[in-house]
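K.L.:
sequence below, structure please.
(chains A and B)
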Amino acid sequence: MTNGSEPGPNTPSTPGTPGTPNTPNGPNTPATREPAPPGTRATEGAAASAGISAAGAAGPPGEASAGGAAASAVDGAYAPRRAATASGLPGASVRGSSVVGAAGPKERPARVPNVRKAAGGSGPGDRSVRRRAGARTPWLYLAPALLILAALLVYPIYQLGLISFLEYTQAQVSGGEPTTFQGLGNYRTLLADSQFWQVLVATVVFAAACVLATLTAGCALAVLLTRIRALPRLALMLAALGAWATPAITGSTVWVFLFDPDYGPVNRLLGLGDFSWTYGRYSAFALVLLEVVWCSFPFVMVTVYAGIKAIPSEVLEAASLDGASQYRIWRSVTAPMLRPILVVVTIQSIIWDFKVFTQIYVMTNGGGIAGQNLVLNVYAYQKAFASSQYSLGSAIGIVMLLILLAVTLVYLRLLRRQGEAL
Amino acid sequence: MKLIARIAAPAAVFVLAGLTATACAPQTSDNSAKKDDKSGTLRVWLFQEVNNKPKEQVVDAAVATFRKAHKGAEVEVEYIPVETRAQRIKAAFNDPKSAPDLIEYGNTDTAGYVKDGGLADVGEEFTAWDEAKDIDPTAKQSVTVDGKIYGAPLFVGVRALYYRTDVLKELGIAAPKTQDELIATAKKIHKAKPELYGLAVGGAYTYGAMPFIWAHGGELAQESGGSYKAAINSPAAQKGITAYTSLFGDDNCPAAKCASMGGNATVTAFASGKAAMAIGGDFSHQAVEAGAVKGKYAVVPLPGREAGSIAPAFAGGNNIGVLKSSSHRTPAVDLMKQFAGKETQRELFDAMGFLPTYTDVRAQVAKKEPFVEPFVRTLGAGAKFVPASPGWGQIDASLVLPTMFQEIVSGKKDVAAASGDAAKKMDTAFAAAG
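P.N.:
Numbers count the residues shown, from 1 in each chain, chains lettered A, B, ... in the order given. This next block holds a predicted model:
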């Protein structure tokens, strides 16, 4: 059972299939999509642990929280196997939870560390043996994916990093002047540029506002979807999918038209006369924010809705049979099971909204009046392509990459810590 | 903690794989010509105009004449879209093997392309060319960088004042004679007819704003010893900036709408009947004729500060040049002279309305077509050109001047502060360009 069922549980334990269907932020998509696979892997582990905690909850009532804590603290490398025991498969779940509930003694020795871990114990010695034995196999399986990632992801990033250390403008590309090594020169220029800092702050604040608004709207509507009848649900789904499927440029152009001071219906409806939304800094950012939320909430909504739907009803039923209140079910069963999905959705949103380009570029005409609505990506575009300073543009790209990596890592670590405290 | 460890391991593998696979620097291409074939196929890139057919006919005729004199040479002309020209031409510099021999390019790009190492110095042939002596000095300046000549001017474009004859007549106002009058007239019209902009201006309309700066004796930059220094914050230039930005506001062109407008938007506003006056080019003629104001407008040179004077206009236009990487230099230069020669320019004017770069040819066509008369007069009064520094391309692309105007009209900074900041940015760009 341990080995034979390994591939199986992956399927049900990733209900959202997070990396796949993203479109909202047009030009960003290729870059956004690349990092998804590692993220997905991490969540599989988390999903599996959530599954176990639920299974634990189904057992002795008082142990619900202890089981959850143990499971999420466990090393992710074991995730698939544990998922096999806990199992997302409806039929198997009974068997799975009984295994966990019954715990060690009856099992053969080889299984012990596995189950002990899930139950909250730790067996460092056993684990290292296990790791050495199967150390090469996962890498073999991963090799094709790693090779593709190396070619598609590492090479461009390597070139980006390299160019950011050179003096590389159009003159160097076409051979008019020799390429010279600048060390940290480009970074120094960038960090000394007061506009960069101003744009950076604007980007961070704007992205944070977008993420918050998108998540709020998406989650609220996902919950709404579970509460309404089929027809309105279908209508809401279709509307959301329509927004999702609209190309970013089209969406932005339509929004600009809707809010046009002379011809736009919105101003007429609100009685704003010829108020120009794109003239003021904050009203322009607000307008873009609305558009960003409009085109990216469907992803959050659909994913979270799928997550809610994927929670096995047995688990909820078992919890309520054990006398848990609605709030308790949400806190100890639903929320932990949704957490991996919320993590993915949040990280995706952070990445998209931090790298927003099309909406700003189209709606504020390349960065607004006197550049007041510039965000980092548009700023980098203007440096790199409009004025052909490829090296400076690369430096901005690297800085953005580092910021995003840092934000994502900090966020993941925070979640880990919270998981331990649960 | 586990998380970091788990991410670190594959990351290390990625980086190692990346380093071993790709230990090479970003590419640099070699644009120097290897040979000079007298025969073979010459490839030419010209801009695709909105109505390109007449241009094609003129070009075909010029090519036919050229081929009579060069038996062994074939000519292949391709029309490239204006919007994507920058990418196309950069790509040509990056990949000399697929690059053309001859290109048409905007005259503000000259210095940048020269620095990129893309254009060939044709000074020798240019000096020996008998027709070149009639080329007007500003047009010649637009192909000159550091005293060397990189191409031949193909046509010039210049801006003047379009105004609505019916509106001015109705209000009993004469066409403005001075800059002060122009500003007063604009406000008077907007007051009487609030639905119209008096004079349509744009915060991003750099070439419409320059005449105001130049009319006050200001300059964009001063050259000394081959390098440029920004002069946009000089007292004279600041007076010009003040004059131009005084046109933004609820008494003429509300900043909320006009701050973001560029040249095309102002001409569109005029053509659609939303503005009583606009600063438009000879090349805007077709657009205005196609608009709602057809038959209800006239054109005069943009007035200067003294009555009867003309504000110096920006001499835009296109040049044609030989690429440094061309392996057919001699025939390519001959073909360039054919395209930029008096004969072709005269035909190009008849077909497309492009103003010739030769003073004598221009005088002849002005007699034939009265519409161009104010533009020819504007050129005759002395047009000006942007600094012939590769830094200008960057200043233009990074929107230094539009930002300055927009900062002023939106009230973020006063004229002195905004022009001081713009001057700093320009100096950085000039210094970086060397």
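K.L.:
tell me which element residue 307 falls in.
P.N.:
Going with chain A. A:Gly307 belongs to helix A:281-310 when assigned by DSSP states H and E.
K.L.:
meant chain B, my bad for not saying
P.N.:
Counting by DSSP H and E, B:Ala307 is part of no helix or strand.
K.L.:
so it is in contact with B:Pro176, correct?
P.N.:
No. B:Ala307 is beyond contact range of B:Pro176, at 9.8 Å (criterion: CB atoms under 8 Å). (Glycine included, C-beta is placed from N, CA and C.)
K.L.:
those two: who's more crowded?
P.N.:
Using other CB atoms under 10 Å in any protein chain shown as the criterion, B:Ala307 and B:Pro176 rank with B:Pro176 on top: 22 against 11.
K.L.:
buried sites along the helix or strand where A:Val204 lies?
P.N.:
In this structure, A:Val204 sits in helix A:194-227 according to DSSP H and E. Applying a neighbour-count criterion of 16 or more other CB atoms under 10 Å in any protein chain shown, one finds A:196, A:199-200, A:202-203, A:206-207, A:209-211, A:213-215, A:217-219, A:221-222, A:225 buried in helix A:194-227.
K.L.:
against which helices or strands is that helix packed?
P.N.:
When contacts are defined as 3 or more CB pairs under 8 Å, 6 or more residues apart in numbering or on different chains; DSSP states H and E, helix A:194-227 packs onto helix A:230-245, helix A:281-310, helix A:335-354, helix A:376-381.
K.L.:
closest to chain B out of those helices?
P.N.:
With CB to the nearest CB as the criterion, chain B lies closest to helix A:281-310 of the helices and strands packed on helix A:194-227, at 9.1 Å.
K.L.:
least reliable of the helices and strands packed on helix A:194-227 by average pLDDT, please.
P.N.:
Among these, helix A:335-354 carries the lowest mean pLDDT, a mean of 88.
K.L.:
ok, it near chain B or not?
P.N.:
No. Applying CB under 8 Å from any CB of the partner chain, one finds helix A:335-354 out of contact with chain B, separated by at least 11.9 Å.
K.L.:
and that helix, C-alpha only, in CSV?
P.N.:
C-alpha atoms of helix A:335-354 as CSV (Å, rounded to 0.1, in the frame of the first residue of the first chain):
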residue,chain,number,x,y,z
ALA,A,335,-9.9,26.8,7.0
PRO,A,336,-6.9,24.4,7.3
MET,A,337,-8.1,22.5,4.3
LEU,A,338,-8.4,25.8,2.3
ARG,A,339,-5.2,27.2,3.5
PRO,A,340,-2.9,25.8,0.8
ILE,A,341,-5.3,27.2,-1.8
LEU,A,342,-5.3,30.6,-0.2
VAL,A,343,-1.5,30.5,-0.1
VAL,A,344,-1.2,29.8,-3.8
VAL,A,345,-3.9,32.4,-4.6
THR,A,346,-2.2,35.0,-2.5
ILE,A,347,1.2,34.4,-3.9
GLN,A,348,-0.1,34.4,-7.4
SER,A,349,-1.9,37.7,-6.8
ILE,A,350,1.2,39.3,-5.2
ILE,A,351,3.2,38.3,-8.2
TRP,A,352,0.7,39.5,-10.7
ASP,A,353,-0.1,42.7,-9.0
PHE,A,354,3.5,43.6,-8.3
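K.L.:
which strands or helices does the next helix or strand after it pack on?
P.N.:
Using DSSP H and E, the helix or strand that follows helix A:335-354 towards the C-terminus is helix A:358-363. Here helix A:358-363 touches helix A:248-258, helix A:281-310, helix A:376-381, going by 3+ CB pairs under 8 Å, 6+ apart.
K.L.:
helices or strands up against the helix holding A:Gly307?
P.N.:
helix A:194-227, helix A:230-245, helix A:248-258, helix A:335-354, helix A:358-363.
K.L.:
so which of the ones you listed comes closest to B:Thr242?
P.N.:
Closest approach to B:Thr242 among those is made by helix A:194-227 (24.6 Å; CB to CB).
K.L.:
for the residue of chain A found nearest chain B, give its distance to B:Pro96.
P.N.:
For chain A and chain B, the shortest gap (CB to the nearest CB) falls at A:Gly176, measuring 2.5 Å. Distance, A:Gly176 to B:Pro96, using CB to CB, to the nearest Å: 12 Å.
K.L.:
any regions of the chain where pLDDT drops low?
P.N.:
Since you didn't name a chain, this refers to chain A. Low-confidence segments of chain A (pLDDT under 70): A:1-133, A:418-422.
K.L.:
correction: the question concerned chain B.
P.N.:
Using pLDDT under 70, the flagged stretches of chain B are B:1-25, B:434.
K.L.:
and it, what are its domains?
P.N.:
Per automatic domain parsing, the domain ranges recorded for chain B read B:40-157+B:315-380, B:159-314+B:389-433.
K.L.:
okay, how far is it across the shortest one, tip to tip?
P.N.:
In other words, domain B:40-157+B:315-380. Length of domain B:40-157+B:315-380, first residue to last, CA to CA, to the nearest Å: 41 Å.
K.L.:
can you get me a residue count around residue 336?
P.N.:
Assuming you mean chain A. Using other CB under 10 Å, A:Pro336 has 24 neighbouring residues.
K.L.:
actually, chain B is the one I wanted.
P.N.:
27.
K.L.:
can you give me the buried ones in the strand or helix carrying it?
P.N.:
Assignment of secondary structure by DSSP H and E places B:Met336 within helix B:329-340. Residues B:329, B:331-340 are the ones in helix B:329-340 that count as buried (16+ other CB under 10 Å).
K.L.:
most proximal residue of the stretch 151-300 of chain B with respect to chain A?
P.N.:
B:Ala256 (3.9 Å).
K.L.:
surely that residue is within a strand?
P.N.:
No. Assessed with DSSP: H, G, I helix; E, B strand; the rest coil, B:Ala256 is helix; it does not lie in a strand.
K.L.:
quick one: contacts for it?
P.N.:
A:261, A:274-276, A:279 (CB atoms under 8 Å, 6 or more residues apart in numbering or on different chains).
K.L.:
one more: B:Ala418?
P.N.:
Counting by CB under 8 Å, 6+ apart, the residues that B:Ala418 touches are B:241, B:404-405, B:407-408, B:412.
K.L.:
most neighbours among these, which one is it?
P.N.:
B:Met404 (29 neighbours).
K.L.:
for stretch A:360-375, output the C-alpha coordinates as CSV.
P.N.:
Output in CSV follows, covering the C-alpha atoms of stretch A:360-375 (Å, rounded to 0.1, in the frame of the first residue of the first chain):
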residue,chain,number,x,y,z
ILE,A,360,-1.0,51.0,-16.1
TYR,A,361,0.5,51.4,-19.5
VAL,A,362,-2.8,51.5,-21.4
MET,A,363,-5.0,53.3,-18.9
THR,A,364,-2.7,56.0,-17.8
ASN,A,365,-1.0,56.4,-21.1
GLY,A,366,2.4,55.0,-20.2
GLY,A,367,2.6,56.2,-16.5
GLY,A,368,0.2,59.1,-16.1
ILE,A,369,0.7,62.8,-16.0
ALA,A,370,4.3,63.5,-15.3
GLY,A,371,4.9,59.8,-14.5
GLN,A,372,2.7,60.0,-11.4
ASN,A,373,1.3,56.5,-12.0
LEU,A,374,4.5,54.7,-12.9
VAL,A,375,4.9,51.2,-11.4
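K.L.:
touching it from outside, list them.
P.N.:
A:195, A:199, A:202-203, A:206-207, A:248-249, A:252-253, A:255-256, A:278-279, A:281, A:284-285, A:287-288, A:291, A:356-357, A:377-379, A:381-382, B:203, B:259-260, B:399, B:402-404, B:406-407, B:410, B:412.
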